[in-house]
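**Student:** got a predicted structure here, sequence first:
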Amino acid sequence: MKREVDIKEISDGNLYGPNDMVKADCADCKGCSACCQGMGESIVLDPYDVYRLTKGLNLSFEALLEDKIELNVFDGMILPNLKMAGNREACAFLNEEGRCSIHSIRPGICRLFPLGRYYENGGFQYFLQIHECKNENRTKVKVKKWIDTPDLKQNEKFILAWHDFMDEIQTKMMQVADDALFKKVNMFLLQQFFIERYNEEDFYKQFEERLEKAKTVVNMLMN
(Lines give C-alpha, C1' and ligand atoms only; values in the text may rest on other atoms or scores of the structure.)
Protein backbone atom coordinates (compact mmCIF):
# COMPACT_ATOMS: atom_id res chain seq x y z
CA MET A 1 0.00 0.00 0.00
CA LYS A 2 1.50 3.31 -1.12
CA ARG A 3 1.95 6.16 1.33
CA GLU A 4 2.15 9.65 -0.15
CA VAL A 5 4.21 11.24 2.63
CA ASP A 6 7.62 12.83 3.03
CA ILE A 7 9.88 10.18 4.56
CA LYS A 8 11.73 12.92 6.44
CA GLU A 9 8.54 13.64 8.41
CA ILE A 10 7.95 10.06 9.55
CA SER A 11 11.47 8.65 9.98
CA ASP A 12 14.70 9.34 11.83
CA GLY A 13 16.22 10.40 8.53
CA ASN A 14 18.25 7.21 8.03
CA LEU A 15 17.93 4.25 5.67
CA TYR A 16 18.99 0.82 6.86
CA GLY A 17 20.16 -2.47 5.38
CA PRO A 18 19.60 -5.96 6.87
CA ASN A 19 22.90 -5.88 8.80
CA ASP A 20 22.47 -2.40 10.26
CA MET A 21 21.50 -1.71 13.86
CA VAL A 22 18.24 0.16 14.42
CA LYS A 23 16.42 1.33 17.54
CA ALA A 24 13.37 -0.91 17.17
CA ASP A 25 13.53 -3.58 19.91
CA CYS A 26 10.60 -3.26 22.33
CA ALA A 27 11.76 -5.96 24.80
CA ASP A 28 8.99 -8.36 23.77
CA CYS A 29 6.46 -5.48 24.08
CA LYS A 30 5.84 -6.37 27.77
CA GLY A 31 2.07 -6.55 27.45
CA CYS A 32 1.64 -3.63 25.06
CA SER A 33 -0.54 -4.42 22.06
CA ALA A 34 -1.23 -0.89 20.81
CA CYS A 35 0.01 -1.69 17.30
CA CYS A 36 -2.43 -4.64 17.12
CA GLN A 37 -5.47 -2.41 17.63
CA GLY A 38 -7.16 0.29 15.60
CA MET A 39 -5.12 -0.40 12.49
CA GLY A 40 -8.12 -0.38 10.17
CA GLU A 41 -7.34 -1.98 6.81
CA SER A 42 -3.63 -1.13 6.88
CA ILE A 43 -2.15 -4.60 7.52
CA VAL A 44 -2.24 -5.67 3.88
CA LEU A 45 -1.17 -9.24 3.19
CA ASP A 46 1.04 -10.48 0.36
CA PRO A 47 1.07 -14.03 -1.05
CA TYR A 48 3.81 -15.19 1.36
CA ASP A 49 1.82 -13.92 4.35
CA VAL A 50 -1.20 -15.93 3.25
CA TYR A 51 0.99 -18.96 2.52
CA ARG A 52 2.35 -18.87 6.07
CA LEU A 53 -1.11 -18.44 7.60
CA THR A 54 -2.83 -21.18 5.59
CA LYS A 55 0.03 -23.60 6.14
CA GLY A 56 0.61 -22.76 9.82
CA LEU A 57 -3.08 -22.84 10.77
CA ASN A 58 -4.04 -25.56 8.28
CA LEU A 59 -6.85 -23.38 6.97
CA SER A 60 -7.88 -22.40 3.47
CA PHE A 61 -7.95 -18.80 2.29
CA GLU A 62 -11.73 -18.98 2.27
CA ALA A 63 -11.75 -20.16 5.90
CA LEU A 64 -9.56 -17.21 6.93
CA LEU A 65 -12.04 -14.87 5.24
CA GLU A 66 -14.77 -16.02 7.62
CA ASP A 67 -13.43 -14.04 10.59
CA LYS A 68 -9.66 -13.43 10.42
CA ILE A 69 -9.01 -11.50 7.23
CA GLU A 70 -11.04 -9.44 4.76
CA LEU A 71 -10.79 -8.05 1.24
CA ASN A 72 -10.51 -4.36 0.43
CA VAL A 73 -9.42 -2.16 -2.46
CA PHE A 74 -5.91 -0.71 -2.17
CA ASP A 75 -4.60 1.59 -4.89
CA GLY A 76 -6.99 0.01 -7.38
CA MET A 77 -6.31 -3.63 -6.42
CA ILE A 78 -8.41 -6.02 -4.34
CA LEU A 79 -6.11 -7.46 -1.67
CA PRO A 80 -6.53 -9.21 1.70
CA ASN A 81 -5.76 -7.54 5.02
CA LEU A 82 -5.91 -8.56 8.67
CA LYS A 83 -9.35 -7.92 10.14
CA MET A 84 -9.86 -5.65 13.13
CA ALA A 85 -12.88 -6.55 15.25
CA GLY A 86 -14.72 -5.93 18.52
CA ASN A 87 -14.99 -2.84 20.69
CA ARG A 88 -11.21 -2.43 20.73
CA GLU A 89 -10.95 -2.79 16.95
CA ALA A 90 -8.30 -5.41 17.70
CA CYS A 91 -6.59 -7.78 15.29
CA ALA A 92 -8.58 -11.00 15.00
CA PHE A 93 -5.45 -12.92 16.04
CA LEU A 94 -4.91 -10.98 19.28
CA ASN A 95 -5.73 -13.23 22.25
CA GLU A 96 -7.35 -12.35 25.59
CA GLU A 97 -3.95 -11.71 27.17
CA GLY A 98 -3.19 -9.10 24.53
CA ARG A 99 -0.62 -11.29 22.80
CA CYS A 100 -0.30 -12.36 19.18
CA SER A 101 -1.61 -15.90 18.76
CA ILE A 102 0.23 -16.34 15.43
CA HIS A 103 3.54 -14.71 16.34
CA SER A 104 5.72 -17.34 14.64
CA ILE A 105 3.77 -16.95 11.36
CA ARG A 106 2.82 -13.27 11.67
CA PRO A 107 2.61 -11.20 8.45
CA GLY A 108 5.52 -9.24 7.05
CA ILE A 109 4.14 -5.82 8.05
CA CYS A 110 3.89 -7.01 11.65
CA ARG A 111 7.46 -8.30 11.53
CA LEU A 112 8.70 -4.95 10.24
CA PHE A 113 6.92 -2.68 12.72
CA PRO A 114 8.02 -0.02 13.59
CA LEU A 115 10.16 -0.25 10.46
CA GLY A 116 8.93 0.42 6.95
CA ARG A 117 10.31 -0.10 3.45
CA TYR A 118 11.50 2.70 1.19
CA TYR A 119 11.57 1.77 -2.49
CA GLU A 120 13.95 3.53 -4.89
CA ASN A 121 16.30 2.76 -7.80
CA GLY A 122 14.91 -0.73 -8.38
CA GLY A 123 15.33 -1.87 -4.79
CA PHE A 124 14.38 -0.97 -1.25
CA GLN A 125 15.86 -0.16 2.14
CA TYR A 126 14.35 -0.01 5.60
CA PHE A 127 13.50 3.08 7.62
CA LEU A 128 12.42 3.63 11.22
CA GLN A 129 8.95 5.13 11.72
CA ILE A 130 9.32 7.51 14.65
CA HIS A 131 5.65 8.25 15.39
CA GLU A 132 4.17 4.74 15.31
CA CYS A 133 5.39 2.70 18.30
CA LYS A 134 4.16 3.92 21.72
CA ASN A 135 7.14 2.35 23.49
CA GLU A 136 9.75 5.08 23.84
CA ASN A 137 12.38 2.90 25.53
CA ARG A 138 13.41 0.88 22.50
CA THR A 139 16.89 -0.57 22.16
CA LYS A 140 19.05 -1.29 19.12
CA VAL A 141 18.75 -4.55 17.23
CA LYS A 142 20.07 -5.77 13.88
CA VAL A 143 17.44 -5.29 11.18
CA LYS A 144 17.49 -8.89 9.94
CA LYS A 145 17.14 -10.20 13.49
CA TRP A 146 14.18 -7.94 14.11
CA ILE A 147 12.41 -9.01 10.90
CA ASP A 148 12.96 -12.64 11.89
CA THR A 149 12.33 -14.17 8.47
CA PRO A 150 14.15 -17.29 7.22
CA ASP A 151 16.15 -16.88 4.00
CA LEU A 152 15.84 -13.09 4.13
CA LYS A 153 17.64 -12.47 0.81
CA GLN A 154 15.17 -14.69 -1.02
CA ASN A 155 12.30 -13.06 0.85
CA GLU A 156 13.50 -9.58 -0.12
CA LYS A 157 13.71 -10.70 -3.75
CA PHE A 158 10.09 -11.88 -3.54
CA ILE A 159 8.94 -8.65 -1.84
CA LEU A 160 10.52 -6.55 -4.58
CA ALA A 161 9.05 -8.70 -7.36
CA TRP A 162 5.56 -8.51 -5.80
CA HIS A 163 5.87 -4.75 -5.23
CA ASP A 164 6.98 -4.10 -8.82
CA PHE A 165 4.22 -6.31 -10.23
CA MET A 166 1.53 -4.61 -8.14
CA ASP A 167 2.87 -1.19 -9.09
CA GLU A 168 2.78 -2.08 -12.79
CA ILE A 169 -0.77 -3.48 -12.62
CA GLN A 170 -2.04 -0.52 -10.58
CA THR A 171 -0.61 1.92 -13.12
CA LYS A 172 -2.30 0.09 -15.98
CA MET A 173 -5.64 -0.17 -14.12
CA MET A 174 -5.68 3.58 -13.47
CA GLN A 175 -5.38 4.18 -17.19
CA VAL A 176 -8.35 1.96 -18.07
CA ALA A 177 -11.78 3.02 -16.77
CA ASP A 178 -13.43 -0.38 -17.20
CA ASP A 179 -15.21 -1.89 -14.19
CA ALA A 180 -15.66 -5.26 -15.87
CA LEU A 181 -11.93 -5.48 -16.64
CA PHE A 182 -11.10 -4.32 -13.12
CA LYS A 183 -13.15 -7.18 -11.68
CA LYS A 184 -11.79 -9.77 -14.12
CA VAL A 185 -8.14 -8.90 -13.44
CA ASN A 186 -8.60 -8.79 -9.69
CA MET A 187 -10.50 -12.07 -9.52
CA PHE A 188 -7.77 -13.75 -11.55
CA LEU A 189 -5.00 -12.38 -9.32
CA LEU A 190 -6.82 -13.39 -6.13
CA GLN A 191 -7.21 -16.92 -7.46
CA GLN A 192 -3.66 -17.10 -8.78
CA PHE A 193 -1.81 -15.79 -5.74
CA PHE A 194 -4.08 -16.29 -2.72
CA ILE A 195 -6.95 -18.73 -3.13
CA GLU A 196 -5.08 -21.56 -4.90
CA ARG A 197 -3.00 -23.13 -2.15
CA TYR A 198 0.72 -23.62 -2.50
CA ASN A 199 2.02 -27.13 -1.95
CA GLU A 200 4.78 -28.15 0.47
CA GLU A 201 7.53 -27.41 -2.04
CA ASP A 202 9.56 -24.20 -2.09
CA PHE A 203 7.12 -21.24 -1.93
CA TYR A 204 9.41 -18.86 -3.80
CA LYS A 205 9.79 -21.19 -6.79
CA GLN A 206 6.03 -21.61 -7.00
CA PHE A 207 5.49 -17.86 -6.68
CA GLU A 208 7.90 -17.14 -9.53
CA GLU A 209 6.05 -19.61 -11.75
CA ARG A 210 2.69 -18.06 -10.89
CA LEU A 211 4.08 -14.57 -11.42
CA GLU A 212 5.23 -15.36 -14.96
CA LYS A 213 1.84 -16.83 -15.79
CA ALA A 214 0.07 -13.82 -14.25
CA LYS A 215 2.11 -11.36 -16.31
CA THR A 216 1.14 -13.18 -19.50
CA VAL A 217 -2.56 -13.47 -18.61
CA VAL A 218 -2.92 -9.89 -17.39
CA ASN A 219 -1.24 -8.54 -20.53
CA MET A 220 -3.71 -10.54 -22.63
CA LEU A 221 -6.69 -9.23 -20.65
CA MET A 222 -5.59 -5.62 -20.80
CA ASN A 223 -4.45 -5.47 -24.42
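**Tutor:** Done, it's in.
**Student:** by contact count, what packs against the worst-scoring helix or strand of the chain on mean pLDDT?
**Tutor:** Using mean pLDDT, DSSP states H and E, the weakest-scoring helix or strand in the chain turns out to be helix 7-10, at a mean of 79. Applying 3 or more C-beta pairs under 8 Å, 6 or more residues apart in numbering; DSSP states H and E, one finds that helix 7-10 makes contact with no other helix or strand. Just so you know, the C-beta spots here come from the backbone N, C-alpha and C atoms, and that holds for glycine as well.
**Student:** just after it, pick out the following helix or strand.
**Tutor:** Remark: after helix 7-10, the chain's next helix or strand is strand 21-25, criterion DSSP states H and E.
**Student:** what are the buried residues along that following strand?
**Tutor:** 22, 24, 25 (16 or more other C-beta atoms under 10 Å).
**Student:** which regions of the protein sit below the pLDDT cut-off?
**Tutor:** By pLDDT under 70, the low-scoring segments of the chain are 1-5.
**Student:** from residue 115, how far off is the most centrally placed residue in it?
**Tutor:** Ranked by distance to the mean C-alpha position of the chain (C-alpha atoms, centre = their mean), the top residue is residue 45 at 4.0 Å. According to C-beta to C-beta, to the nearest Å, residue 45 and residue 115 sit 17 Å apart.
**Student:** distance between the helix or strand containing residue 80 and the chain's centre?
**Tutor:** Per DSSP H and E: residue 80 is located in strand 77-82. In this view, strand 77-82 has its centroid 9 Å away from the chain centroid, taken as C-alpha atoms, centre = their mean, to the nearest Å.
**Student:** and the next helix or strand past it?
**Tutor:** Toward the C-terminal end, the helix or strand that comes next after strand 77-82 (DSSP H and E) is strand 84-85.
**Student:** hey, where'd the helices end up in this structure?
**Tutor:** Taking DSSP state H as the criterion, the chain contains helices spanning 7-10, 47-57, 61-67, 108-112, 143-147, 152-175, 179-190, 203-222.
**Student:** just to check, residue 182 is in contact with residue 175?
**Tutor:** No: applying C-beta atoms under 8 Å, one finds residue 182 not in contact with residue 175, separated by 11.7 Å.
**Student:** and these two? Which one has more around it.
**Tutor:** When residue 182 and residue 175 are compared on other C-beta atoms under 10 Å, the one with more neighbours turns out to be residue 182, at 16 against 8.
**Student:** distance of the more buried one relative to residue 218?
**Tutor:** Shown here: residue 182 relative to residue 218, a distance of 12 Å by C-beta to C-beta.
**Student:** kindly report the same for residue 94.
**Tutor:** As defined by C-beta to C-beta, residue 94 lies at a distance of 36 Å from residue 218.
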